[in-house]
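[1] test case, fold it:
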Amino acid sequence: MSAPLTTPVDAPLAARRVPAKTFWGRALRHRSFVLGGSLSLLVLASALLSLVWTPWSPYEIDIASKLRPPSAAHWLGTDSFGRDIVSLLLAGARATIMVGVIAVSIGLSFGVTLGLIASARRGWTEEIIMRFSDFTFAFPAVLSAIMLAAVVGPGMVTSIVAIGIFQIPTLTRLTRGSANAIWAREFVLAARAAGKGAFRITIEHVLPNILSILIVQVTIQFALAILAEAALSYLGLGTQPPQPSWGRMLNDAQTLLFQSPMLAVYPGAAIAIAVLGLNLLGDGLRDLLDPRLARER
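    Numbers count the residues shown, from 1 in each chain. Model prediction:
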C-alpha cells in the first residue's frame, strides 16, 4: 500500500510535527531548557506545597519572636512581625503565580483574538485594532493600577486587571505580525483556492503555525507579569495584607535594610529565580520549536 499523500495545504504542519521522543530527547540535552524548567518547577512546587503545608502559618503574628535569626524552628528566621520567612515565601509564590497566570490568560485571550482578526480582515478593521493597541501602550501596568486603585481600591484584582490590560497590545502585535507572514504563504493561497473561508483558514492553518511563537512569548510575558506584580505589591497597589506577597515582603523590609538586610534578600532572590527560570525556559522553547534552530542543533 502506498503512503498517503500530503497536500500542499497540510505540508507546513506536517513538516513541523516532531515525534515526542525526538523533542524530549533534544529538550533534555538543551541546558537552557533544563535549567529554566527546573527553576520554574521549583517555584510552581513551592506554590502547590503552600496549599497543603507551611512550617508556620503565614498569617500568624508573634511580636515576641520578631527578627529572629535562622534556627531549627525558623529556617530563614522571622520578619518584623514575627512571621516565619519560609512560610511567607511559600505563600507568596502562590499569590505571584495566581496573578501571573490570570493576567497572562487575559492578555493571551484578547491579544491573540484581536491579532488574528486584524490579520484576517485587514482594511479598517486592522487599522482600528492596531490603533487601539497603540493607545493601550500608553498605559503601563503601574499607571493602570494607579487609576484602578483610585476607582475600586488597591488589591490583587486591581493588579491582575492592570497587568492583563498591559499584556494585550504586545500579544496583539505579535499575533498580527506572525499571522500576516502565514497569510502570504502558498499553502494558505491553496486553501483559499479550495474555497475555505477566512475563519476556517485562521483556525486550521494560521493559528497552528504561529502557536510555537505564542508559547515562547507567553513564558516571557509570564516573567514580566511576575515583575509587575512584585512592583505593584511593593508600591501598595497589588496584593494587600495579610495575604503574603514577595513584593510586599520587599516593602516591609526596606526600613530594616541595615538592621536585617536578609529580609530583602530572600524575596528578591525568589523573584530573580522565578524570572530567570521563565526566561531560560522561553529561550529553550524558542530553540526547540523553531525548525531552523532545531536543524542546527
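
[2] roughly how far out does stretch 275-288 sit from the chain middle?
    Stretch 275-288 sits 11 Å away from the centroid of its parent chain (Cα atoms, centre = their mean, to the nearest Å).

[3] and if you look at stretch 33-45?
    Using Cα atoms, centre = their mean, the offset of stretch 33-45 from its chain centre is 13 Å.

[4] mind listing what's buried in that stretch?
    33, 35-37, 39-40, 43 (16 or more other Cβ atoms under 10 Å). (C-beta placed from N, C-alpha, C; glycine too.)

[5] mind checking the end-to-end distance for stretch 238-247?
    End-to-end distance of stretch 238-247: 9 Å, with Cα to Cα, to the nearest Å as the criterion.

[6] kindly report the same for stretch 55-64.
    Its start and end residues considered, stretch 55-64 measures 18 Å (Cα to Cα).

[7] turn the buried residues of stretch 33-45 into JSON lines, columns for distance to Gly195 and secondary structure.
    JSON lines is the format used below for those (distance: Cβ to Cβ, whole Å; DSSP: H, G, I helix; E, B strand; the rest coil):
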{"residue": "Phe33", "distance to Gly195": "41", "secondary structure": "helix"}
{"residue": "Leu35", "distance to Gly195": "48", "secondary structure": "helix"}
{"residue": "Gly36", "distance to Gly195": "44", "secondary structure": "helix"}
{"residue": "Gly37", "distance to Gly195": "43", "secondary structure": "helix"}
{"residue": "Leu39", "distance to Gly195": "49", "secondary structure": "helix"}
{"residue": "Ser40", "distance to Gly195": "44", "secondary structure": "helix"}
{"residue": "Val43", "distance to Gly195": "48", "secondary structure": "helix"}
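
[8] pull the most distant pair out of the residues you listed.
    Checking those against each other with Cβ to Cβ, the farthest-apart pair comes out as Phe33 and Val43, at 16.0 Å.

[9] quick one: low-confidence ranges for the stretch 1-150 of the chain?
    Across the stretch 1-150 of the chain, residues meeting the criterion (pLDDT under 70) sit at 1-21.

[10] recalculate using a threshold of 80.
    In the prediction, the stretch 1-150 of the chain carries residues with pLDDT under 80 at positions 1-21, 23.

[11] so which residue is smack in the middle of the chain?
    Closest to where the C-alpha atoms of the chain average out (Cα atoms, centre = their mean) is Phe222, at 1.3 Å.

[12] could you measure from that one over to Val52?
    24 Å (Cβ to Cβ, to the nearest Å).

[13] what does Gly25 give?
    When distances are taken as Cβ to Cβ, Gly25 and Val52 turn out to be 34 Å apart.

[14] the two: which has the busier surroundings?
    Between Gly25 and Val52, counted using other Cβ atoms under 10 Å, the more crowded position is Gly25 (10 against 6).

[15] look up how far Leu288 lies from the more buried one.
    Distance from Gly25 to Leu288, by Cβ to Cβ: 11 Å.
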